[in-house]
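> Dropping the sequence and predicted coords here.
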Amino acid sequence: MMLARQLDAASVARLKSALFVVCLMPLGLLVWRGFTGGLTANPIEFITHTTGWWTLSFLMITLAVTPLRRLLDMPWLLRLRRMLGLYAFFYASLHFLTWLVVDQFFDWEAIIKDIAKRPYITVGFAAFSLLLPLAATSTNAMVRRLGAARWQSLHRLIYVIAVLGVVHFWWLVKKDIREPAVFALILAVLLGARIVILWRKRALPLVSGAQRE
Ligand code: HEM
């Protein structure tokens, strides 16, 4: 299916179903590795790293929807955004649970100590905590209940979460900062695109009506 500027509801629904399966693939690959002994000599570390990497990647992909939608003039892309955001939350939950259950084994004292003492854990924990209200208010019913304006302000937390996610990654790497630096660069571009969009929106009322979107 060629991706067109305009897509009918049925095509968007099909695309969403396909994307749903594609987004499950990192988890599928982990499970497959688990059954075939492919989780390396340190499976906990491997699972934590994989789920953390995908959490950050899904955050970036979610943030890319609005700029891409405008750049490619494909309004229907917005219909995929909620699912992508929820996948970020899904992988973050797996990441957090791996740390909580498998790594710390519900040792609450050690957990609190880890959150308080290791700055990269503090930041990661803050990012995950902020994701919770966004996931909880992701339904249409919650958008209606909060009202569009309040819902939108709340969901701006995604920018803070993405920044915290990059800082978390940056602080946890020992020497080679190349990967977190790439994420930081992508985030800077995505946030820069938001600023341009906002700036254009503010500037538009000054331009003649004919040029408006
Ligand atoms: C939105 C939330 C979060 C994001 C985006 C995130 C992202 C990441 C990323 C990208 C990595 C490195 C992956 C790699 O090496 O390829 C990572 C590792 C890790 N994260 Fe997170 N994380 C989040 C929340 C958390 C939370 C809540 C915890 C625990 C409280 C946590 C604990 C860890 C640990 C223990 C590691 C491995 C550190 C090591 O190498 O020793 N993360 N995370």
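Here it is on my side, so go on.
> List the contacts of stretch 132-143.
Residues outside stretch 132-143 that contact it (Cβ atoms under 8 Å, 6 or more residues apart in numbering): Arg82, Gly85, Leu86, Phe89, Leu146, Trp151, Leu154, His155, Leu157, Ile158, Ile161. All C-beta atoms are positioned from the backbone trio N, CA, C, and that covers glycine.
> Now do the end-to-end distance for it.
Distance between the two ends of stretch 132-143: 15 Å, counting by Cα to Cα, to the nearest Å.
> Name the residues of that stretch that are buried.
Of the residues in stretch 132-143, those buried by neighbour count under the rule 16 or more other Cβ atoms under 10 Å are Leu134, Thr137, Ser138, Val143.
> Chain neighbours aside, what residue packs nearest to Val167?
On the basis of Cβ to Cβ, 6 or more residues apart in numbering, the spatially nearest residue to Val167 that is not a chain neighbour turns out to be Val123, at 5.2 Å.
> Which of the helices or strands spans that neighbour?
Taking DSSP states H and E as the criterion, the element that holds Val123 is helix 119-136.
> can you list the residues of this structure near the ligand?
Contact residues (Cβ under 6 Å from any ligand atom) of the chain with the ligand: 48-49, 52-53, 55-56, 59, 92, 95-96, 99, 121, 124-125, 127-128, 131, 161, 165, 168-169, 172.
> Now with 5 Å, please.
For the chain, the residues in contact with the ligand under the definition Cβ under 5 Å from any ligand atom are 48-49, 52-53, 55-56, 92, 96, 99, 121, 124-125, 127-128, 165, 169, 172.
> buried subset of those residues?
48, 52-53, 55-56, 92, 96, 99, 121, 124-125, 127-128, 165, 169, 172.
> Next, give me the two most distant ones among the residues you listed.
By the measure Cβ to Cβ, those have their two most distant members at Trp53 and Phe125, which lie 17.7 Å apart.
> Show me the residue at the heart of this structure, geometrically.
Against the mean C-alpha coordinate of the chain, by Cα atoms, centre = their mean, the closest residue is Leu59 at 1.8 Å.
> Buried residues, the helix or strand hosting that residue. List them.
Secondary-structure assignment from DSSP H and E places Leu59 in helix 43-72. Counting neighbours by 16+ other Cβ under 10 Å, one finds that the buried residues in helix 43-72 are 43, 46-48, 50-67, 69-70.
> same check, this time on stretch 100-110
Along stretch 100-110, the positions that meet the burial threshold by neighbour count (16+ other Cβ under 10 Å) are Leu100, Asp103, Gln104.
> Same list (these) but as TSV, adding secondary structure and pLDDT.
TSV is the format used below for the buried residues of stretch 100-110 (DSSP: H, G, I helix; E, B strand; the rest coil; pLDDT from 0 to 100):
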residue	secondary structure	pLDDT
Leu100	helix	96
Asp103	helix	91
Gln104	coil	93
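> so what pLDDT did Gln152 get?
According to the prediction, Gln152 has pLDDT 96.
> do the same with the one 5 residues further on
Per-residue confidence (pLDDT) for Leu157: 98.
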